[in-house]
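A.B. asks: show me the folded form of this:
(one chain, ligands or ions: 1)
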Amino acid sequence: MAFLTERDKKYLTKEDICAHVGDDYADYKGAIVPPIFQSSLFVMKTEDNGIGDEGYNYTRVANPTIDVAERKIAALECADGALCFGSGMGAITASIFHFVKQGSHVVMISSIYGVTRVFLSDYLKKFGVEVTSVNSDSTEEILSKVRPETTLIFLESPSTAVFKLQDLKAVADFAKARGIATVIDNTYATPLYQNPLTYGIDLVCHTASKYLGGHSDLIGGVVAGSRELIEKLTGERFFLGANMDPHQAWLMIRGIRTLPVRLRQHAKNALAVARHLEASPHVLRVFYPALESFPQKELVERYLKGHNGLLSFLPRGSTESIRKMISKCRIFQNGVSWGGFESLIVSISVGATKEAAASSDVPVNLVRLHVGLEDVDTLIADLDQALEYLEA
Ligand SMILES: Cc1ncc(COP(=O)(O)O)c(C=O)c1O
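C.D. replies: Residues are numbered from 1 along each chain as shown. Here you go, the predicted model:
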C-alpha cells in the first residue's frame, strides 16, 4: 500500500498503518520488508541508458527507503506529508528556523526538552530572535505572552519530566486567528496517542530515537504537516544537510511495525510501577499521566489516547542518598534517553539549585524512570531494594 486512498483512510486503524502503509510491495519485487537503498546517488535517465525517471538523484534530497518511513509517519499523524531527519534535534531546529527571522518573538513552554530550550532561548539570540518562556500548564499564560512580533508558539505536550499538558486546540485557534505558527514536540504521546494536526497545530515533530525506533539502536527525527508546509521545509532540510540515513529509516520502519504492542506493554508495566512507588513510604510524589492523582486529568482524557513507560518521582531523602539509590539499581540502568526495550533510571535535577529548578518547572531532586519490557515483578523488586538506600 503505497498511498492511502480515501477508502483506506476510513477503515485502516493505527495498527494497520504501522504494519502495512507505505510498503509498496510491487515496487520492491514483492519483498514484504522494503530494502535499504544504501546509496548516496541515483543514476539519472539519459536518452540511451534505459533508466526510467524515478525522481531520485541524491540521498540528501530523497531516497526510496526514507520515503517509506515518511509515508508511514504521515499516515499515522493524519498529515499530508512527513520528512525524516538525522535526529530529533534536526527535525526541531529545522522547524523552528522555518518560522523565525531577525526580530521574531517566540513563546515556548518552560518544561520543554532542555536542548530545544537552550536552542530557542540562547542560540537564536545571535539572530535577534527573542523568546518568552511560559508556564507549561497555563494556556492563559501562553496566550497572554503573545506580542505583535510573535511568529511561533512552541509546545511540548505532555512534556517529558513532569508531564505538563497544554490545551492544543485553544492554543492553535488563538494562534491561527493571528497568523502565528504552532509547532509541537509530540514525542511523549507518539503518533498513536495524539495527533496535534487534527486540532489545528501546524507542524508536529518527534524524535524517532525513542519509541518510533524502540530498540535504542538509532538516532532520528521526523516532522509531519500539510503538503504546503512539508514542501517548504524540504528547503531547511536540504540546506542544513539534515536528512536521515537510509539504514536509520529502515530501522525506524521496523520499529514502527511493533509500536502499538510495545506501547501497550510499556504502559502496563509503568502503571504498576507508578502505583507501587506512590504507595511507598520512600516516595514523596509520583508524576505519571495515567495515575488517578495526576493534576491535569481533564486534559489527559481530552487529548491522550494512551500512555507509555516514562514516569518520574521525588524520593524522600538527602541528595546523597538519592544518588546512592540510583547507583544501587541493578535492572534499571543509569542512562539518558528512553523509549527502548530497556528500563532506565536517571537524575533529572538531583542536587539542582532551587533557582535552576524553578526556571524549567522541574522540582529539585526529580528522578526519571523509563519502564521497559522486562518482567514487572523484577522491576519492582529492583526498585524496592534500591529505595532502601534512601535516608532523610
Ligand atoms: C522530548 C524530546 N524531544 C527531542 C529530543 C531530541 O531528540 P534526538 O536526541 O533524537 O535529537 C529528545 C531527546 O532526548 C527528547 O527527549
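A.B. asks: in this protein, which residue sits closest to the ligand?
C.D. replies: Closest approach between the chain and the ligand, counting by C-beta to the nearest ligand atom: residue 88, at 2.3 Å. Quick note: C-beta positions are derived from backbone N, CA and C, even for glycine.
A.B. asks: so that residue touches residue 213, yeah?
C.D. replies: No: counting by C-beta atoms under 8 Å, residue 88 stays clear of residue 213, with 10.5 Å between them.
A.B. asks: of those two, who's got more company?
C.D. replies: When residue 88 and residue 213 are compared for neighbours, residue 88 comes out ahead with 25 against 22, by other C-beta atoms under 10 Å.
A.B. asks: hey, what's the residue lying closest to that one once chain neighbours are set aside bridged with?
C.D. replies: Closest residue to residue 88 apart from its sequence neighbours, by C-beta to C-beta, 6 or more residues apart in numbering: residue 207 at 2.4 Å. For residue 207, the beta-bridge partners under DSSP bridges are residue 221.
A.B. asks: show me the contacts for residue 207.
C.D. replies: Applying C-beta atoms under 8 Å, 6 or more residues apart in numbering to residue 207 gives the contacts 87-89, 91, 185, 187, 220-221.
A.B. asks: mark which of the residues you listed are part of helices, please.
C.D. replies: Judged by DSSP state H, helices contain the following of these: 88-89, 91.
A.B. asks: let's have those in a markdown table, adding pLDDT.
C.D. replies: Below are those laid out as a markdown table (pLDDT from 0 to 100):
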| residue | pLDDT |
| --- | --- |
| 88 | 98 |
| 89 | 98 |
| 91 | 98 |
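A.B. asks: distance to residue 249 added to those residues, as a markdown table?
C.D. replies: Shown next, in a markdown table, are the ones in helices among the contacts of residue 207 (distance: C-beta to C-beta, whole Å):
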| residue | distance to residue 249 |
| --- | --- |
| 88 | 14 |
| 89 | 17 |
| 91 | 13 |
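A.B. asks: which residues of the stretch 151-300 of the chain lie near the ligand?
C.D. replies: Residues of the stretch 151-300 of the chain lying close to the ligand (C-beta under 6 Å from any ligand atom) are 160, 185, 187, 207, 209, 219, 221.
A.B. asks: looking at this, residue 116 is in a strand?
C.D. replies: No: assessed with DSSP: H, G, I helix; E, B strand; the rest coil, residue 116 is helix; it does not lie in a strand.
A.B. asks: does it touch residue 90 like I think?
C.D. replies: No: look at residue 116 against residue 90 with C-beta under 8 Å: they stay out of range, at 11.9 Å.
A.B. asks: which of the two has more residues huddled nearby?
C.D. replies: residue 90 (26 against 20).
A.B. asks: list the contacts for the more buried one?
C.D. replies: By C-beta under 8 Å, 6+ apart, the neighbours of residue 90 are 221, 237, 240, 242.
A.B. asks: and if you look at residue 291?
C.D. replies: 271, 274-275, 278.
A.B. asks: helix or strand: which one has it?
C.D. replies: For residue 291, there is no enclosing helix or strand under DSSP states H and E.
A.B. asks: quick one, phi psi at it?
C.D. replies: The phi and psi values for residue 291, taken as degrees, to the nearest 10, are phi -70, psi 150.
A.B. asks: from residue 330, how far out is it?
C.D. replies: Distance of residue 291 to residue 330, computed by C-beta to C-beta, to the nearest Å: 25 Å.
A.B. asks: again with residue 184
C.D. replies: Residue 184 is 37 Å from residue 330, by C-beta to C-beta.
A.B. asks: between those two, which one's more packed in?
C.D. replies: When residue 184 is set against residue 330 and neighbours are counted by other C-beta under 10 Å, the residue ahead is residue 184, at 27 against 10.
A.B. asks: that one pairs with what?
C.D. replies: With DSSP bridges as the rule, residue 184 is bridged to residue 155, residue 204.
A.B. asks: so it sits against residue 157, correct?
C.D. replies: Yes: at 6.4 Å, residue 184 counts as touching residue 157 under the criterion of C-beta under 8 Å.
A.B. asks: on that earlier part again, wait, what's in contact with the residue of the chain closest to the ligand?
C.D. replies: Residues near residue 88 by C-beta under 8 Å, 6+ apart: 185, 187, 205-210, 219-221.
A.B. asks: buried only: go through the contacts of residue 291 for me.
C.D. replies: Listed as buried from these are 271, 274-275; burial here means 16 or more other C-beta atoms under 10 Å.
A.B. asks: domains for the chain, by residue range?
C.D. replies: 6-257, 260-387 (automatic domain parsing).
A.B. asks: end-to-end on the shortest one?
C.D. replies: Which is domain 260-387. Using C-alpha to C-alpha, to the nearest Å, one end of domain 260-387 lies 32 Å from the other.
A.B. asks: surely residue 350 and residue 319 touch.
C.D. replies: Yes: using C-beta under 8 Å, residue 350 makes contact with residue 319 at a distance of 5.9 Å.
A.B. asks: circling back to that earlier point, can you list residues touching both of residue 88 and residue 213?
C.D. replies: residue 220.
A.B. asks: quick check: the residue located most distally from the centre of the chain vs residue 391, distance?
C.D. replies: Residue farthest from the centre of the chain, counting by C-alpha atoms, centre = their mean, is residue 48 at 46.6 Å. Distance, residue 48 to residue 391, using C-beta to C-beta: 80 Å.
A.B. asks: again, but for residue 175
C.D. replies: From residue 175 to residue 391 the distance is 49 Å (C-beta to C-beta).
A.B. asks: strands of the stretch 151-300 of the chain, residue ranges please.
C.D. replies: Using DSSP state E, counting those that start in this stretch, the strands of the stretch 151-300 of the chain run over residues 181-185, 203-207, 221-225, 283-287.
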